[in-house]
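1. Following is a predicted model, sequence given first.
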Amino acid sequence: MGSDNSVFSYDSQLLSDKVLQSEESKKGSFCRRHLGYPDGMGVPFAEEKEPVTTIWEAVQRGVRINNDGKMLGTRHYEKKSDTEYKIDKRTKFIVRGDYVWDTYAEINDAALSLGMGLVHLGLKPESNVGIFSQNRAEWMVSALALWSQSMRIVSLYATLGDSAVEYIVTQTELELIFIEKNSVKNILALMDENKIPTLKYIVQFDPNAKYGNILDTVDADDKNTAAEHEVQLLGLSEIQKLGQEHKTKPVLPKADDLCYIMYTSGTTGNPKGVMLSHGNVVAALSSIPVYFPIQMDDVTISYLPLAHIFETIMQVGFFTFGARVGFYQGQVKMLTHDFIKLRPTVLPGVPRVFAKIYQKVFAGVEEKNCMLKWYFNKAYNYQNLQIRAKKPRDASYDTKVFIPLREKVGLDRCRLIVSGAAPLPPHIQEFLKVVVGCEVIQGYGMTESASVLTLSKTSDPNVGHVGPPAPACEVRLVDIPEMAYLTTDKYPRGEVQVRGPNVFKGYFKNEAATAKTIVDGGWLATGDVGRWNANGTLSIIDRKKNIFKLANGEYIAAEKIENVYSKSPFVGQLWVYGNSFKNFVVAVVVPNAEQILSLCEEKKWWPTQNPRVGNPQFLEDFHAVLEGEHKTEIKTIIFNSLKAQNGELKRFEQLRDIFLESKIDSNLTGFSEENNCMTPTFKLRRLSLLQRYVGPLKALYTANGEPPSQDEKWPGEQ
């Protein structure tokens, strides 16, 4: 699939590059800083009359330089009548029209009014306030309102689960929650069980004539239910009106004031509240212009959750330079439709999203006739080789193949892709460069480092690394002798640790977890394993917790193997498992549903006519074909596709057998937040997966000659 990498080594190209991008810090030889910033960065825009020290000041800079310019875009809700939306007959989703825009001046005024309304309700500086909603303009208006009065955001999202929402609301003692209509029932249910006694106000995002969201009216029954618990359910517009009637001065935050208590779900236990200050976020923001300048005419799309730091940094970065942010319509399946309407110039994303695009493109190529398939692969491979060699692309290939493809999905204006949340596999990064024809960079960080820790440069043609340290911080590696990762290796390896003004203040009401994460000297221990490359960039090569030892003494890095096998077009999701009682590894595979459909239609195995991907009948049919009479044949086809990737793995890393998950949801995933197998940032919950699949895993080992012994106790078993 894609370029032939059999004679090309990403690592060899990377390690042969000696042009330094970072330098040794004054703190030691395995501690590095961004080249040219030996002492870090100062206050952003210090040369201007009003420097930026808080998120509020960052946004105000955008207001100053582009007051009447477009800031936030929302796709208009198309209505059938005054009480009914138009529904697309094919997708069954609400029909959304063109983007309508609010200016910087309009959003600023709306936020100030809302902030004053909150003060009138009795909220004070340093109050914790929840926001429980998908990304939308009102989310950001609410955030700005809170910061205008030195209040803190506590981000909530439905996929946390009711127990986690209850835990967060109780721990932070929320008195008020901003909420979208779809989530009101979740909060009312918790109130019925008397699980959130501190809550006094629920503020629902209600209709805005500009947006056409006519059905977001506050429901009278919901108001009555809330009132029974002595809680007021109000519309957002009501609070803004209160603010206009009861004006008061803003209480603006300082750099050390908290802006967020941002909960990270992690992979086990209760979520932890990361305390981020305005100064933390601004320190991260300060690095953006060093890597890629944002122009006032840039536009990006907001679809990654605002409840997480990556999307926050992207949006506030855009606001600082007076640029535009358009919100997706809330349905990931309709994302390309939003791209077409918005035509973003900068596209943020995560590896899982980009991997799906990669699979879909090449699966489509495989379905073309021999001539078209040959020509696409010829064009793809040529452009890829040119990019690697830093040579010009072939204009005719772009004109005939790639430009039409970009136009078809609304990415014809895209000049930059920014990937975050997890390491971007090299082949995916090259794919994006070839197909979208723009610069592709990836950042590395975590919520606790305000998203930014390192970031690759647009000028760097190498892949397989996450760039040099951000100017705001210094990064070091620490030996992990039990995993044989040492800073004395030819290319130093060890746990990645970071220190600087972007490092968080600690976990909310959780000193024990804070002490484990912020170690002596103020270093944030990430738990990731990194390698310093010859050019001073960092590669993330492993995870301390995601390595295990087989009975034969060989160490297995699960994520490495998962990345290799995920290149198969038949893989939707994949989890590799092994343990110290066994001599080989196995995997649970969630097949790519669209690829399975294509296979089954070709072989006439699909049980119904005119299947519609993702609807309930499709999900039933998918389960039926994977568990039906052709089960063995389908497994063989999928396993052979996986084995085609074995050349990239050592013998002991290669899968011995697989189990196919046949139950998927409407998003075509078998591992999800809802079944506790994925985190909101698309990381596998390995312990939960083990507990879920322990039976099938034991069956795989038994079938392959290594049945569990009576005294064998696997991790995760009770």
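-> In hand now; what should we look at?
2. Show me what stretch 674-681 is in contact with.
-> 157, 159-161, 265-267, 305, 307-308, 350, 421-422, 665, 669-673, 684-685, 688-689, 692 (CB atoms under 8 Å, 6 or more residues apart in numbering). Yep, even glycine has a C-beta here, placed from its N, CA and C like the rest.
3. To clarify, my last question referred to stretch 30-41.
-> In this structure, residues lying in contact with stretch 30-41 by CB under 8 Å, 6+ apart are 20-26, 283, 286-287, 290, 468-478, 487, 492, 494, 500-501, 532, 536.
4. circling back to that earlier point, could you pick out which of the contacts of stretch 674-681 are located in strands?
-> Mapping the contacts of stretch 674-681 onto strands (DSSP state E) picks out no residues; all lie outside.
5. Parallel or antiparallel, which strands does the helix or strand of the chain with the lowest mean pLDDT pair with?
-> Within the chain, no helix or strand scores below strand 547-549, which has a mean of 72 by mean pLDDT, DSSP states H and E. If you go by DSSP bridges, strand 547-549 pairs up with strand 555-557 (antiparallel).
6. which residues are in contact with the partner strand?
-> Strand 555-557 has contacts (CB under 8 Å, 6+ apart) with 483-484, 541-542, 546-550, 576, 578, 585, 652-653.
7. Name the single longest strand found in the chain.
-> Longest strand in the chain by number of residues, with DSSP E as the criterion: strand 523-532.
8. Give the partner strands of that strand in its sheet and their orientations.
-> Going by DSSP bridges, the partners of strand 523-532 are strand 493-499 (antiparallel), strand 518-519 (antiparallel), strand 538-543 (antiparallel).
9. Please write out the alpha-carbon positions of it in PDB.
-> Below are the C-alpha coordinates for strand 523-532, written out as PDB (Å, rounded to 0.1, in the frame of the first residue of the first chain):
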ATOM      1  CA  TRP A 523      10.700  17.900  36.200                       C
ATOM      2  CA  LEU A 524       7.500  16.500  34.700                       C
ATOM      3  CA  ALA A 525       7.900  12.800  34.200                       C
ATOM      4  CA  THR A 526       5.900  11.900  31.000                       C
ATOM      5  CA  GLY A 527       6.200   8.100  31.100                       C
ATOM      6  CA  ASP A 528       7.200   8.100  27.500                       C
ATOM      7  CA  VAL A 529      10.500   6.800  26.200                       C
ATOM      8  CA  GLY A 530      12.400   9.100  23.900                       C
ATOM      9  CA  ARG A 531      15.600   9.100  21.900                       C
ATOM     10  CA  TRP A 532      17.800  12.100  21.000                       C
END
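10. rewinding a little: for PyMOL, what selects the buried ones among the contacts of stretch 30-41?
-> Per 16 or more other CB atoms under 10 Å, the buried members of the contacts of stretch 30-41 correspond to this PyMOL selection:
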select buried, resi 21+22+23+24+25+283+286+287+290+468+469+470+471+472+473+474+475+476+477+478+487+492+494+500+501+532+536
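11. Can you flag which of the contacts of stretch 30-41 belong to strands?
-> 22-25, 474-478, 494, 532.
12. Please name whichever of these scores lowest on pLDDT.
-> Lowest pLDDT of those: residue 25, 83.
13. isn't that one right up against residue 468?
-> No: contact criterion CB atoms under 8 Å: residue 25 and residue 468 do not qualify, at 11.8 Å.
14. Disregarding flanking residues, what is the spatial nearest neighbour of residue 172?
-> Nearest non-adjacent residue to residue 172, counting by CB to CB, 6 or more residues apart in numbering: residue 128, 4.3 Å away.
15. For the one you found, grab phi and psi.
-> Main-chain dihedrals, residue 128, degrees, to the nearest 10: phi -90, psi 130.
16. Beta-bridge partners for it, please?
-> In beta-bridge terms (that is, DSSP bridges), residue 128 pairs with residue 152.
17. Can you give me the neighbour number for it?
-> 23 (other CB atoms under 10 Å).
18. cool, residue 516 as well?
-> Residue 516: 12 neighbours (other CB under 10 Å).
19. and it, how far is that from residue 195?
-> 28 Å (CB to CB, to the nearest Å).
20. do residue 487 as well
-> Counting by CB to CB, the separation of residue 487 from residue 195 is 48 Å.
21. again with residue 632
-> Separation of residue 632 from residue 195 (CB to CB) stands at 48 Å.
22. neighbour-wise, which of these two wins?
-> Legend: neighbour count by other CB under 10 Å for residue 632 and residue 195, higher for residue 195 (16 against 8).
23. What mean pLDDT does stretch 340-350 get?
-> Stretch 340-350 shows a mean pLDDT of 95.
24. Pull out the buried residues from that stretch.
-> Buried residues in stretch 340-350 (16+ other CB under 10 Å): 341-350.
25. ok, now stretch 257-273?
-> Neighbour-count burial for stretch 257-273 [16+ other CB under 10 Å]: 257-265, 267, 271-273.
26. Could you give the separation of that stretch from the chain centroid?
-> 15 Å (CA atoms, centre = their mean, to the nearest Å).
27. Just the CA atoms of it, as CSV, please.
-> This file holds the C-alpha atoms of stretch 257-273, laid out as CSV (Å, rounded to 0.1, in the frame of the first residue of the first chain):
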residue,chain,number,x,y,z
ASP,A,257,-4.3,32.3,38.1
LEU,A,258,-5.8,29.0,37.0
CYS,A,259,-7.7,29.0,33.7
TYR,A,260,-8.5,25.3,33.6
ILE,A,261,-9.0,22.2,35.7
MET,A,262,-8.8,19.9,32.7
TYR,A,263,-9.6,16.3,33.5
THR,A,264,-7.6,13.6,31.8
SER,A,265,-9.2,10.2,31.8
GLY,A,266,-6.0,8.2,31.7
THR,A,267,-6.2,4.4,31.4
THR,A,268,-7.1,3.4,34.9
GLY,A,269,-9.0,4.8,38.0
ASN,A,270,-10.7,8.1,38.4
PRO,A,271,-9.8,11.0,36.1
LYS,A,272,-7.2,13.5,37.3
GLY,A,273,-7.8,17.2,37.3
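28. ok so, going back, for the longest strand of the chain, which positions count as buried?
-> Buried-residue list, strand 523-532, by 16+ other CB under 10 Å: 523-526, 528-532.
29. What is the nearest of those residues to residue 320?
-> Nearest to residue 320 out of those is residue 524 (CB to CB; 24.5 Å).
30. beta partners for that closest one?
-> Beta-bridge partners of residue 524, as defined by DSSP bridges: residue 498, residue 518.
31. Having no further points to raise, I will conclude here.
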